[in-house]
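> this is a predicted model, with the sequence first.
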Amino acid sequence: EIALAAGVPASACVLEEESHSTEANARFSARVLRERGARRVVVVSDPYHLLRARQCFRREGLEVATSPAPIDGRMRAWDRAYWTVREAFALLLHPRLLWARAPGRR
């Protein structure tokens, strides 16, 4: 709805509804995107989540740009701190994500 309101054509909007994790979202989305011939994506997420999200999509072979979603007014400072620490632990549990590179880069 937000993309449509911003002028993105409906034909360019695809909703992935199968995943229950960032890694699965990247995997399922990459499949749909490749079917459409896409190799470059913009991942939009909360700022504290962008590193892991970007790396998951890179592992799927996509070129990734990121765009932080505004969180002012919808998330308290305490909640931001909690989710930032949670993301740090998620990266510690999956360190291989830190080494995912953009396609064509070594």
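Now that the structure is in, tell me what you want to look at. None of the values given here were measured: they were computed from a predicted structure.

> ok, now which ones touch residue 47?
68-69, 71 (Cβ atoms under 8 Å, 6 or more residues apart in numbering). C-betas here are computed from N, CA, C, even on glycine.

> now it: how far from residue 32?
Note on residue 47: its distance to residue 32, by Cβ to Cβ, to the nearest Å, is 25 Å.

> for the chain, name the helix or strand with the lowest mean pLDDT.
Within the chain, no helix or strand scores below helix 77-93, which has a mean of 78 by mean pLDDT, DSSP states H and E.

> please enumerate the strands of the chain.
Using DSSP state E, the strands assigned to the chain run over residues 40-45, 63-68.

> will you turn these into CSV that also has mean pLDDT, distance to residue 101 and mean neighbour count?
As requested, those are arranged in CSV below (pLDDT from 0 to 100; distance: least, Cβ to Cβ, whole Å; neighbours: other Cβ atoms under 10 Å):
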stretch, mean pLDDT, distance to residue 101, mean neighbour count
strand 40-45, 91, 15, 16
strand 63-68, 94, 10, 14
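
> redo these as CSV? Include distance to residue 6.
CSV is the format used below for the strands of the chain (distance: least, Cβ to Cβ, whole Å):
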stretch, distance to residue 6
strand 40-45, 11
strand 63-68, 12
